[in-house]
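*Asks:* build me a model:
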Amino acid sequence: MLQPTMLAQWVFVAVAAAADVAGAAFVTKAHQRGRAPLRYFVAAGAGFMLAAAFVRMLPESMQAPHAFLFVLVGYFGVHLFEHAIAPHFHFGEETHSVSELVSMSALVGLLMHTFVDGVAVASGLRVSNSLGALVFVAVLLHKFPEGLAISSLFLAAGAKRRTAILAAAALGLSTVAGVLLTDHLPLLRQYGLAVSAGVTLYVGASNLVPELQDRPGVRIPLSFVAGCGLYLAARTLVSI
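*Replies:* Numbering: from 1, shown residues only. Next comes the predicted model:
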């Protein structure tokens, strides 16, 4: 019989993986224009992720020795993947045609993100159920645009709808792999949250925020701040 923590872990990771596929299903049916609401969603997700990283993930990860070193490993690891393997990929809207090589490189780069998503959920649950739930919400908020982004790149490269959805499904499976390896590798159990905090900081501060700053008007900044408020609300609800 599954323990409550194990059951929550698999429910969380299954829902998060499904969100990747949901994002791909949406973009394969929707027109490329008129996606302004997604920008607000991404902005709120960035605010939530940074709040979760600074307020809970980083402090909790400091229980392990030399934790900040592993925070840097997570941060610079994603940087190297995105700029050395997938230099043309970003989370925003692609307005130019891309090659199959670029779309595949983007997939390889994102697989690291989604792998650490699984590590983050599993590691957070090992600290406490409330932290695991908060990490899950933070992961879930960027899953839908993540699936949308990778499927958009595959469609722009001329791939069929089925291939675009399978690419997003691969991201979901990578999240599951992160959970599995966290269960069996002591090093991930000890330092997984620190690495995840570094990745979360990179995705939020270095990947999403610069793109949000290029958007005119006040709605995007307000959505970003609202994401931080969402974190506080989620933390309160989980504590209750």
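*Asks:* where does pLDDT dip in this structure?
*Replies:* 1-5, 30-39, 41, 85-99, 101-102, 105-106, 109, 189, 234, 237-240 (pLDDT under 70).
*Asks:* please redo it, this time with the cut-off set to 50
*Replies:* Applying pLDDT under 50 to the chain picks out residues 1-2, 31, 89-97.
*Asks:* how about the helices in it?
*Replies:* With DSSP state H as the criterion, the chain has helices at 4-29, 36-52, 58-61, 67-80, 100-127, 129-156, 161-184, 186-201, 209-212, 219-239.
*Asks:* want to throw those helices into CSV with mean neighbour count?
*Replies:* Yep, even glycine has a C-beta here, placed from its N, CA and C like the rest. Formatted as CSV, those follow (neighbours: other CB atoms under 10 Å):
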stretch, mean neighbour count
helix 4-29, 19
helix 36-52, 22
helix 58-61, 19
helix 67-80, 18
helix 100-127, 23
helix 129-156, 24
helix 161-184, 20
helix 186-201, 24
helix 209-212, 16
helix 219-239, 17
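*Asks:* correct me, but residue 78 touches residue 200?
*Replies:* No: in this structure, residue 78 is not within contact of residue 200 by CB atoms under 8 Å, at 9.6 Å.
*Asks:* so how far is residue 145 from the nearest residue to residue 230 once chain neighbours are set aside?
*Replies:* Counting by CB to CB, 6 or more residues apart in numbering, residue 230 lies nearest to residue 48, which is 5.2 Å off, once chain neighbours are set aside. Distance, residue 48 to residue 145, using CB to CB, to the nearest Å: 13 Å.
*Asks:* could you do residue 11 as well?
*Replies:* For residue 11, the distance to residue 145 - CB to CB - is 22 Å.
*Asks:* distance between stretch 150-161 and the chain's centre?
*Replies:* Counting by CA atoms, centre = their mean, to the nearest Å, stretch 150-161 is centred 20 Å from the centre of its parent chain.
*Asks:* cool, and stretch 132-151?
*Replies:* For stretch 132-151, the distance to the chain centre is 5 Å (CA atoms, centre = their mean).
*Asks:* what does stretch 108-122 give?
*Replies:* Distance, centroid of stretch 108-122 to centroid of chain: 7 Å (CA atoms, centre = their mean).
*Asks:* repeat that for stretch 206-222.
*Replies:* 18 Å.
*Asks:* ends of that stretch, what's the gap?
*Replies:* Length of stretch 206-222, first residue to last, CA to CA, to the nearest Å: 19 Å.
*Asks:* ok, now which ones touch residue 112?
*Replies:* By CB atoms under 8 Å, 6 or more residues apart in numbering, the contact list for residue 112 reads 77-78, 81, 199.
*Asks:* try 7 Å
*Replies:* 77-78, 81 (CB atoms under 7 Å, 6 or more residues apart in numbering).
*Asks:* which among those gets closest to residue 133?
*Replies:* residue 78 (23.8 Å; CB to CB).
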